[in-house]
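Q: model the structure of this input:
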Amino acid sequence: MPGRGRGLGADIGAERARLLARHGEPGLDPATAREHLAALPADRFASVLFARPRSRPLVQPRGGFPTAAKQRALTEALHEAGADFLPLTIDSHTRHNAHGTAAELLAAGVAEGRDLLNGYPLVAHGVRVTRELFAGIDRPVSLRHGTPDARLLAELALASGITEVEGGGLCYSLPYSRAFPLERALVHWQYVDRLCATAGPPERPVHRESFGPLTATLVPPVVAVVVQLCELLLAAEQGVTSFTVSFGQTGSVEQDLAVADVLRSASGKWLARFGFTGVQVRLAYHQWMGAFPVDPVLAWQLIAVSAATSALLGADKVVVKTPDEAVGIPTARSNAAAVRAVRYALDMVPALPLGSEVVEQERELITDEVETVLSTIVDLPAPSLVSQVHRAVRAGIIDVPFAPHEENAGELVADRGAGRRIRVREPGRVPLTRAQLRREHELRGAAPDAGGPLWEALMRDIRIFA
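A: Numbers count the residues shown, from 1 in each chain. Below you'll find the predicted structure:
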């Protein structure tokens, strides 16, 4: 398995030069990001922060506003509240490379005195303005978006001093896009991975993170873990040495503990199988990404429970939600309050190893299923890992429930069984064995309200905490 093709050509210099020349921002060339990152203090690097000793998960909020003034105000509020990572969440037009539309809506919103974008249009603002957002800030900045083709966005982000880039060819295409060709997205993310691997100083590498929740709707652990491992291996293939695998709160504390254990152990095992050494792997836990309670009291309880869970499973980072999730885009005040609340909860919950018969059952089954599915993927007849991953999606071997992408099979059906744990009900073409499916059925147990139409059960599952 070691020595397989790298997928992308060894040198992206020519492609970078063409991309940046087409963008046309003055002073931006292939050396800009490398020179700026080399001049940043160590505290600005996510990879440095992760390497330091700590007694609790690091706290990462989300947040993005259209104007630089509002984004700077959010940054200062989150910094003051104690966020360990500062976010830069990108608007939906920029995510889909509609940069002209984003610039027009930014200008119109400023003229009208209201926000017409749901995030920060980094390409419209450019490098100089974006660098000023973080002047005097001593925390790493994380780029959060959802872009199938993030080449230009990543170039500008790194040149602006952002040292953590979230995303990947699978996790930012299947849940976020319908028609963007998956093969092209995977290759574009190889560019981003190679860029991140080469732009930062070797002792302070740019950090990459995959988006684990996917559709955040009844995604079985085996699917979530396999996608994370594919993204990790594809990034390591391009030279990335600092990477975070992640997953979203499942709704079951026992299943969360098992998923965290499997992600850690499987990451090391599969990196070793491919011959990738020196890759530092971290684990992030996303607070509940499904339908959120409208009642603020219940919303705060959900946030507190997931904060405690992140500590119990020993996450390196927890990505926090706000009580505004059910009603709209969170305000800076709400974001800051959520950061303070999560830190408050983390200070009271020790990072103690937990175990039980249920956790062990889940761990064994997920480990076995992941081995079966990922082994099937890497045995596919194809010239490179990226080609195997693409073929796996087209063949339904990777199948994300409720993903809108037209290349996603959409045949796997999951529901909730005993203890609110997510179970595979119908595997579609995901190659689980008969023994694994029998075990899924056994562990489902007597699901509450069983016996009604499937769509009613799915709706109950989707709105389980709302």
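Q: please name every helix or strand in contact with the one helix or strand Glu231 maps to.
A: Element membership for Glu231, per DSSP states H and E: helix 221-237. Applying 3 or more Cβ pairs under 8 Å, 6 or more residues apart in numbering; DSSP states H and E, one finds that helix 221-237 makes contact with helix 182-199, strand 242-248, helix 253-273, helix 357-378, helix 385-394. Using the backbone N, CA and C atoms, a C-beta is placed for each residue, glycine as well.
Q: switch those over to JSON lines; also include distance to Ala341, mean pLDDT and mean neighbour count.
A: Below are these laid out as JSON lines (distance: least, Cβ to Cβ, whole Å; pLDDT from 0 to 100; neighbours: other Cβ atoms under 10 Å):
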{"stretch": "helix 182-199", "distance to Ala341": "32", "mean pLDDT": "97", "mean neighbour count": "23"}
{"stretch": "strand 242-248", "distance to Ala341": "19", "mean pLDDT": "98", "mean neighbour count": "26"}
{"stretch": "helix 253-273", "distance to Ala341": "19", "mean pLDDT": "97", "mean neighbour count": "21"}
{"stretch": "helix 357-378", "distance to Ala341": "27", "mean pLDDT": "97", "mean neighbour count": "19"}
{"stretch": "helix 385-394", "distance to Ala341": "38", "mean pLDDT": "98", "mean neighbour count": "22"}
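Q: export these to CSV and tack on distance to Ala46?
A: Output for those, formatted as CSV (distance: least, Cβ to Cβ, whole Å):
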stretch, distance to Ala46
helix 182-199, 11
strand 242-248, 7
helix 253-273, 17
helix 357-378, 26
helix 385-394, 25
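Q: mind checking which of the ones you listed is nearest Leu88?
A: Each of those has some distance to Leu88 by Cβ to Cβ; the shortest is helix 182-199, at 15.4 Å.
Q: and that closest one, C-alpha only, in CSV?
A: The C-alpha coordinates for helix 182-199 follow below in CSV (Å, rounded to 0.1, in the frame of the first residue of the first chain):
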residue,chain,number,x,y,z
LEU,A,182,-17.2,15.2,-7.3
GLU,A,183,-14.0,14.2,-9.1
ARG,A,184,-13.2,17.8,-9.8
ALA,A,185,-13.9,18.7,-6.1
LEU,A,186,-11.5,16.0,-4.9
VAL,A,187,-8.7,17.2,-7.2
HIS,A,188,-9.3,20.9,-6.2
TRP,A,189,-9.0,19.8,-2.5
GLN,A,190,-5.7,18.1,-3.3
TYR,A,191,-4.5,21.5,-4.4
VAL,A,192,-5.7,23.0,-1.1
ASP,A,193,-4.0,20.2,0.8
ARG,A,194,-0.7,20.6,-1.1
LEU,A,195,-0.9,24.4,-0.6
CYS,A,196,-1.4,24.0,3.2
ALA,A,197,1.4,21.5,3.3
THR,A,198,3.9,23.8,1.7
ALA,A,199,2.8,27.4,2.7
